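Student: what's the 3D shape of this:
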Amino acid sequence: MTTYDDSVTVTTTRTAGRFLAEAREQFLVTDSTGGRGGLGQAWLAGELLLASLGTCAVSSVTHFAREESASLDDVETTVAYTRDAADPTRYEEVVLSVVTWGVTQETAERLTRLYTENCPVYGTISRGGKVTVDVTAHPSDPSRRGPGVTGDAAR
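Tutor: The predicted structure is shown next:
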């Protein structure tokens, strides 16, 4: 069995289009888009990807500022994507905006460069890292059956 550095488990709930993600005994409710039967009230998958990139940027910039004793007051990121019109299974572009307060432009650029050189989330997204998909099917289990997957009428 392969040992991984980190993992997140996502399961269905009893609400159609709503899921529960768990990492390190921490939980996050997520939704499908309305077009896929979700309510769209909780975080959507694409938003989680953007949040991962932005969180790694803020975390890294503040970390490297502390290491350098830079006078960083605050940092904010905004991350957005544009879906590829010709291929809806991918994003054509992901744009990350980093705004800092309290440091010079040169320092802000250096701290951001340290982020891009050290963050595995950025490295994977910017270089299109390998993604492996492993599928395992189990026999039907009534204890795992609920309206959150296919709806009562489908059973």
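Student: Could you use CA atoms for every contact and neighbour count after this?
Tutor: Will do.
Student: so how far is I125 from the residue nearest in space to the middle of the chain?
Tutor: The residue lying closest to the centre of the chain (C-alpha atoms, centre = their mean) is L49, at 2.7 Å. Distance, L49 to I125, by C-alpha to C-alpha, to the nearest Å: 9 Å.
Student: Strands of this protein, start to end?
Tutor: For the chain, the strands defined by DSSP state E cover 9-12, 18-23, 26-31, 74-83, 91-101.
Student: Tabulate those strands (a markdown table), appending mean pLDDT and mean neighbour count.
Tutor: A markdown table is the format used below for these (pLDDT from 0 to 100; neighbours: other C-alpha atoms under 10 Å):
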| stretch | mean pLDDT | mean neighbour count |
| --- | --- | --- |
| strand 9-12 | 90 | 14 |
| strand 18-23 | 93 | 17 |
| strand 26-31 | 94 | 16 |
| strand 74-83 | 92 | 15 |
| strand 91-101 | 92 | 14 |
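Student: Just put these in CSV and tack on distance to Y115.
Tutor: Below are the strands of the chain laid out as CSV (distance: least, C-alpha to C-alpha, whole Å):
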stretch, distance to Y115
strand 9-12, 27
strand 18-23, 23
strand 26-31, 25
strand 74-83, 12
strand 91-101, 11
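Student: wait, what's in contact with Y122?
Tutor: 53, 56, 116 (C-alpha atoms under 8 Å, 6 or more residues apart in numbering).
Student: what does E117 give?
Tutor: E117 neighbours (C-alpha under 8 Å, 6+ apart): G123.
Student: And for E47?
Tutor: Taking C-alpha under 8 Å, 6+ apart as the definition, E47 has no contacts.
Student: got it, and L114?
Tutor: 60-61, 64.
Student: same check, this time on R24
Tutor: By C-alpha under 8 Å, 6+ apart, R24 has no neighbours at all.
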